[in-house]
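A.B. asks: no sequence for this one, just the structure:
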């Protein structure tokens, strides 16, 4: 009997907890980034969601430290 492993879903919107996991940072850090405007998000009623494109834009704008 073989085990079938489902491929991860390529999401368009992420919960802050999911965004934290994708970015490999803490959940509270994601909320801080959202509060200071560094990470864009949308509100759907009372919930917040982060677009995949906004996660990618945030990462693309990170500046590496000089060696």
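C.D. replies: Alright, I've got the coordinates. Just so it is clear, the model here is predicted, and its values are computed rather than measured.

A.B. asks: in which helix or strand would I find residue 57?
C.D. replies: Following DSSP states H and E, one finds residue 57 within helix 52-60.

A.B. asks: Contacts for that helix, please.
C.D. replies: 10-14, 19, 22-23, 33, 38-41 (CB atoms under 8 Å, 6 or more residues apart in numbering). Where C-beta positions appear, they are placed from N, C-alpha and C, glycine not excepted.

A.B. asks: Please repeat the previous calculation with a cut-off of 10 Å.
C.D. replies: 10-14, 18-19, 22-23, 30, 33-34, 38-42, 50-51 (CB atoms under 10 Å, 6 or more residues apart in numbering).

A.B. asks: for stretch 26-41, which positions count as buried?
C.D. replies: By neighbour count on 16 or more other CB atoms under 10 Å, the buried set for stretch 26-41 is 30, 31, 33, 34, 39, 41.

A.B. asks: Spell out the residue ranges of the strands in the protein.
C.D. replies: 13-14, 42-44, 47-51 (DSSP state E).

A.B. asks: If we ignore the residues flanking it in sequence, what's nearest the residue nearest the centre of the chain?
C.D. replies: Centroid check for the chain by CA atoms, centre = their mean gives residue 19 as the closest residue, at 2.4 Å. Using CB to CB, 6 or more residues apart in numbering and skipping residues adjacent in sequence, the residue nearest residue 19 is residue 50, 4.6 Å away.

A.B. asks: who's the one you found bridged to?
C.D. replies: residue 14 (DSSP bridges).

A.B. asks: Now for it, how many residues are close by?
C.D. replies: Neighbour count of residue 50, defined by other CB atoms under 10 Å: 25.

A.B. asks: what residues are up against it?
C.D. replies: Here residue 50 is in contact with 11, 13-16, 18-20, 22-23, 30, 33-34, 39-42, 58 (CB under 10 Å, 6+ apart).

A.B. asks: Where does pLDDT dip in this structure?
C.D. replies: 1-2, 4-9 (pLDDT under 70).
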